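Chemist: Need coordinates for the below:
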Amino acid sequence: MSLLTILILVVIGLASGALSGLVGIGGGLVIVPALVLFLGFSQKMAQGTSLGILLLPIGILAVIQYYKAGYVDIPTVLVVAIGFLAGGYFGSKIALSLPQDTVKKIFAILLLIVAIKILFIDKPQVKNQAVTAISKKE
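Modeler: From the prediction side, this is the model:
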């Protein structure tokens with residue numbers, strides 16, 4: 001692995017980690033496109049590598065900070081984690097059975113849908129219970 005490749009990977013890690021801590025994104029929205037664009041990974045290789053990065057306990061420090069501030073709903077985490085486990089298994093089986101270009105197009109369409117929803121469709125959110133609880137303490 002060249003020094004330039006290592007530097008690119010460190011920058012990808014810093015960017016995805018910062019965005020993960022800042023707004024809760026990182027893997028699919030940062031790591032996958034960055035690996036494809038900057039390092040020439042195939043879509044499937046980028047997705048698999050991203051999963052390898054994210055499924056290890058690298059986000060634990062960010063989770064601890066959010067938990068201490070009252071922003072982690074443990075029952076929700078557990079239920080979604082169970083669903084993620086099953087969904088990850090079946091989703092990977094499907095992705096690996098599809099042609100590379102099809103997977104890349106599905107990924108791009110999903111990014112567009114998310115972007116359009118965030119930009120034009122989302123409504124103002126009701127304050128989170130943790131925010132309400134913190135403001136009551138003040």
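Chemist: Show me the helices in this structure, by range?
Modeler: 3-23, 32-39, 43-54, 60-68, 74-97, 100-116, 129-137 (DSSP state H).
Chemist: Roughly how far does residue 83 sit from residue 77?
Modeler: 11 Å (C-beta to C-beta, to the nearest Å). For the C-beta atoms, the positions are set from N, CA and C on the backbone; glycine is no exception.
Chemist: more neighbours, the two?
Modeler: Neighbours per residue, other C-beta atoms under 10 Å: of residue 83 and residue 77, the larger number sits with residue 77, 13 against 10.
Chemist: still on that earlier bit, select from the helices of the chain the stretch with the lowest mean pLDDT.
Modeler: Sorting the helices of the chain by mean pLDDT places helix 129-137 lowest, at a mean of 54.
Chemist: wait, which of the helices of the chain is closest to residue 122?
Modeler: helix 100-116 (10.0 Å; C-beta to C-beta).
Chemist: picking up where we left off before, what's the closest of the helices of the chain to residue 123?
Modeler: Per C-beta to C-beta, nearest to residue 123 of the helices of the chain: helix 100-116, 14.3 Å.
Chemist: what about the closest one, distance to the chain center?
Modeler: 15 Å (C-alpha atoms, centre = their mean, to the nearest Å).
Chemist: Return the list of helices and strands in contact with that helix.
Modeler: helix 43-54 (3 or more C-beta pairs under 8 Å, 6 or more residues apart in numbering; DSSP states H and E).
Chemist: Pull out the buried positions in the helix it packs on.
Modeler: 43-44, 46-51, 53-54 (16 or more other C-beta atoms under 10 Å).
Chemist: and that helix with helix 3-23, angle?
Modeler: The directions of helix 43-54 and helix 3-23 differ by 60 degrees, with axes from the mean of the first three to the mean of the last three C-alpha atoms, to 10 degrees as the criterion.
Chemist: gap between helix 43-54 and the chain center?
Modeler: The answer for helix 43-54 is 11 Å, by C-alpha atoms, centre = their mean.
Chemist: From residue 84, how far out is residue 72?
Modeler: 15 Å.
Chemist: go on, residue 42?
Modeler: Distance from residue 42 to residue 84, by C-beta to C-beta: 23 Å.
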